[in-house]
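Peer 1: Just need the structure, nothing else, for what follows:
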Amino acid sequence: MNYIATITSKRQLTLPSKLTHKLNLKPGEKIAIKEENGRLVMTPAVRLVEELAGSLKLPNKFKGLDTKQMIEKAKKEYFSR
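Peer 2: Okay, here's the model as predicted:
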């Protein structure tokens, strides 16, 4: 299905609520955007992390945590430095 969104004067884009509900996107969630042949392709950043799951050895400090918990723990450690 196609959706229409408007780019504001501040270059911000609001996603239609039907789409955000369908994709279970939450306020503040990060979206990765890339350009492919003149088209914008948007992917929730958490989904990209999940796609990479298993490609690297999981550090012990992240064992037993879900993806969102791992991201929050990594951000907290990084920004506490």
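
Peer 1: mean confidence for stretch 39-47?
Peer 2: When pLDDT is averaged over stretch 39-47, the result is 85.

Peer 1: If you count neighbours, what's buried in it?
Peer 2: 44, 46 (16 or more other CB atoms under 10 Å). To be clear about C-beta, it is placed using only N, CA and C from the backbone, and glycine gets the same treatment.

Peer 1: Now do that stretch: everything it contacts.
Peer 2: When contacts are defined by CB atoms under 8 Å, 6 or more residues apart in numbering, stretch 39-47 is touched by residues 23, 25, 29, 30, 31, 32, 33, 34, 35, 67, 68, 71.

Peer 1: Which residue or residues pair with the residue lying closest to the fifth one once chain neighbours are set aside through a beta bridge?
Peer 2: Counting by CB to CB, 6 or more residues apart in numbering, residue 31 lies nearest to residue 42, which is 5.1 Å off, once chain neighbours are set aside. Applying DSSP bridges to residue 42 gives these bridge partners: residue 33.

Peer 1: longest helix anywhere in the protein?
Peer 2: Assignment by DSSP state H gives helix 67-79 as the longest helix of the chain.

Peer 1: Mind picking the two most distant members of the contacts of stretch 39-47?
Peer 2: For the contacts of stretch 39-47, the maximum inter-member distance is 27.2 Å, found between 35 and 68 (CB to CB).

Peer 1: Please say which of those two ends up with more neighbours.
Peer 2: Taking neighbours as other CB atoms under 10 Å, residue 35 and residue 68 compare with residue 68 leading, 12 against 8.

Peer 1: Could you check how far that one is from residue 75?
Peer 2: According to CB to CB, to the nearest Å, residue 68 and residue 75 sit 11 Å apart.

Peer 1: Give the burial count for residue 49, as a bare number.
Peer 2: There are 14 residues near residue 49, going by other CB under 10 Å.

Peer 1: SS state for it?
Peer 2: Following DSSP: H, G, I helix; E, B strand; the rest coil, residue 49 is assigned to helix.
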